[in-house]
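Asks: Predicted model follows, preceded by the sequence.
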Amino acid sequence: MTKFKLCKIGVLLSSMLVAAPAFSADKTVNWWYESANPQQQEILSKNMIDKFNVSGNGHNVVIDYRGDALTQQLRVALLSGTGPDVVQTPGPAFVASMARAGQLMPLDDIAANKGWEDRILPFFMDLGRFDGKLYALPKTYETLGLFYNKKVMADNGWSVPTTITEFEKMADEMVSKGIVPIGAGNSNWRPANEWHVTLALNSIAGPDNLQKALTGEMSWTEKPFLDSVNALKRWWDKGYFGDDYFSISTEQMISNLAEGMSAMAPTGSWSFGDVPTYFADQLDNVGFAGFPSGEGVAYPIYALGIGTTFSIASKAENPEGAAEVIDFMFDDEFYTAMNNEWQGEWNLPLRDLSGIKLSEDVLPEYTESMAALASAIDKNQYGYTSWTFMPPNTNSYVVSGIEEVWLDSISPEQFLAELDEIFQRELAEGKAFEIPAR
């Protein structure tokens, strides 16, 4: 059995019990979920739907899998006052715009009543606050790093690179041997583009410069960011991403890594969920490390991400039931059950994991990566993921704009100029995320 405990982050926030608001008598709780394959749906049904619906709280949850269209469908539904009770978004930047549009219910009274301040790490509670009110809780906190095939590395005498210089030298050797250095693809999830932008910005420009840009103290057109985008363009032109980026899915990316077609796969901790499938008979061959750092940037930098958030719609038909569903998930038993079967998507930010005992079948690399992220936050050596900390339109442009750079439609300078213009507009409109002090 594996036991681990993440570091405590921040100071203890006091909580007061207050009366819960009056709620609807409707017993059905509607929850729209993103993509999940049949096996993952079965895991969620077993550990969430089946257990919640017999828990005696008087509510029944129904999960509707909406796939990649979830975010757009939510925007349309909430604008018209319809949609689910449990609102699931891709990250805090989306919560901010919905909250300020009056589409989400403030959760402060519910949080006090349920004791969430005592159960959830304060840092992550703060990421769900906007204009002084709590609107969201994070489903999982995650990071980006470098998955690699240990056998491919060992067979070729390569070591895990810790600097950009080492990374590029080794990648050049891989290309010469017909091995794809950066196993990647976006055929099923175009926002996979931003994973690479996030890694470059954090590892080359560095988190300190990123924080300045995200708070409007520094232009996105400055040299550290240009160096980052130039690196991404250079890697593309030199063939580091291979020839089939736009036709490879995020699952195929892990499959190719397992087969040795690629040596490394810069992606997120959520990919641990695909590792058992594709490294089934060779789990000892998968490794995970921080992405290499540029000159003057500490190693490793783990970019912090909130991959998904939970809120309650302001016009929910059953807000009480939605609160019960969210509360059910922030529990040791649910955390253990989900992380034993589905690693990388359910790293709920519980304050204390000392009582969690994961199965010995869970990859040690997964538990080590999550402990490393918690330690990085505690040591102030964390970075910023674009989907968590950039405002919505800025983040959307990162996804589409970097493709234009790769395909020679625009230059890195033009990309950053447009990025800065969009960001400054959203900053002026109050749509920029409130970045916690380092």
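Replies: The structure has been received and is ready for your questions. Residues are numbered from 1 along each chain as shown.

Asks: Distance check, the residue minimising distance to the centre of the chain against residue 88.
Replies: Geometric centre of the chain, nearest residue: residue 307, 3.0 Å, by Cα atoms, centre = their mean. Distance, residue 307 to residue 88, using Cβ to Cβ, to the nearest Å: 11 Å. (Glycine included, C-beta is placed from N, CA and C.)

Asks: Now do the strands in this protein.
Replies: 2-3, 28-33, 60-65, 86-89, 129-130, 133-134, 137-149, 180-182, 262-268, 286-289, 302-312, 357-358, 382-384 (DSSP state E).

Asks: what mean pLDDT would you report for the fourth one?
Replies: What it means is strand 86-89. For strand 86-89, the mean per-residue pLDDT is 96.

Asks: got it, and the fifth one?
Replies: The predicted model assigns strand 129-130 a mean pLDDT of 90.

Asks: just checking, what packs against it?
Replies: In this structure, strand 129-130 packs against helix 92-100, with contacts taken as 3 or more Cβ pairs under 8 Å, 6 or more residues apart in numbering; DSSP states H and E.

Asks: Tell me who's in contact with residue 296.
Replies: Neighbouring residues of residue 296 by Cβ atoms under 8 Å, 6 or more residues apart in numbering: residue 206.

Asks: Next, it: phi, psi?
Replies: Main-chain dihedrals, residue 296, degrees, to the nearest 10: phi 80, psi 0.

Asks: Distance of it relative to residue 159?
Replies: From residue 296 across to residue 159, the span is 22 Å (Cβ to Cβ).

Asks: Please apply the same query to residue 291.
Replies: In terms of Cβ to Cβ, residue 291 sits 15 Å off from residue 159.

Asks: Who has more neighbours out of these two?
Replies: When neighbours are counted by other Cβ atoms under 10 Å, residue 291 and residue 159 differ, and residue 291 comes out ahead with 27 against 9.

Asks: mind listing what the more buried one touches?
Replies: 144, 145, 146, 199, 202, 203, 266, 300, 301.

Asks: these two touch, right, residue 97 and residue 432?
Replies: No - with contact defined as Cβ atoms under 8 Å, residue 97 does not count as touching residue 432 (10.7 Å).

Asks: Need the residues touching each of the two.
Replies: Common neighbours of residue 97 and residue 432, using Cβ under 8 Å, 6+ apart, are residue 391.

Asks: ok so, going back, pull the contacting residues for the residue nearest to the centre of the chain.
Replies: Neighbouring residues of residue 307 by Cβ under 8 Å, 6+ apart: 90, 91, 139, 140, 141, 142, 268, 270, 345, 387.

Asks: Residue 47: which of those residues is nearest?
Replies: Using Cβ to Cβ, residue 345 comes nearest to residue 47 of the contacts of residue 307, at 12.2 Å.

Asks: which residues touch the closest one?
Replies: Residue 345 neighbours (Cβ under 8 Å, 6+ apart): 40, 139, 140, 270, 273, 307, 308, 338.

Asks: what's the closest of those to residue 280?
Replies: Distances from residue 280 to the contacts of residue 345, taken by Cβ to Cβ, are shortest for residue 273, at 13.4 Å.

Asks: which non-adjacent residue is nearest that closest one?
Replies: residue 344 (4.5 Å; Cβ to Cβ, 6 or more residues apart in numbering).

Asks: Would you enumerate the residues in contact with the one you found?
Replies: Residues counted as contacts of residue 344 (Cβ under 8 Å, 6+ apart) are 140, 142, 268, 269, 270, 271, 272, 273, 366.

Asks: distance of the second one from residue 257?
Replies: To tie it back to what came earlier, the one meant is residue 142. Residue 142 is 18 Å from residue 257, by Cβ to Cβ.

Asks: what does the last one give?
Replies: Shown here: residue 366 relative to residue 257, a distance of 16 Å by Cβ to Cβ.

Asks: Between the two, tell me which one has more neighbours.
Replies: Taking neighbours as other Cβ under 10 Å, residue 366 and residue 257 compare with residue 257 leading, 28 against 21.

Asks: Next, work out how far apart that one and residue 178 are.
Replies: Residue 257 is 15 Å from residue 178, by Cβ to Cβ.

Asks: what do you get for residue 336?
Replies: According to Cβ to Cβ, residue 336 and residue 178 sit 43 Å apart.
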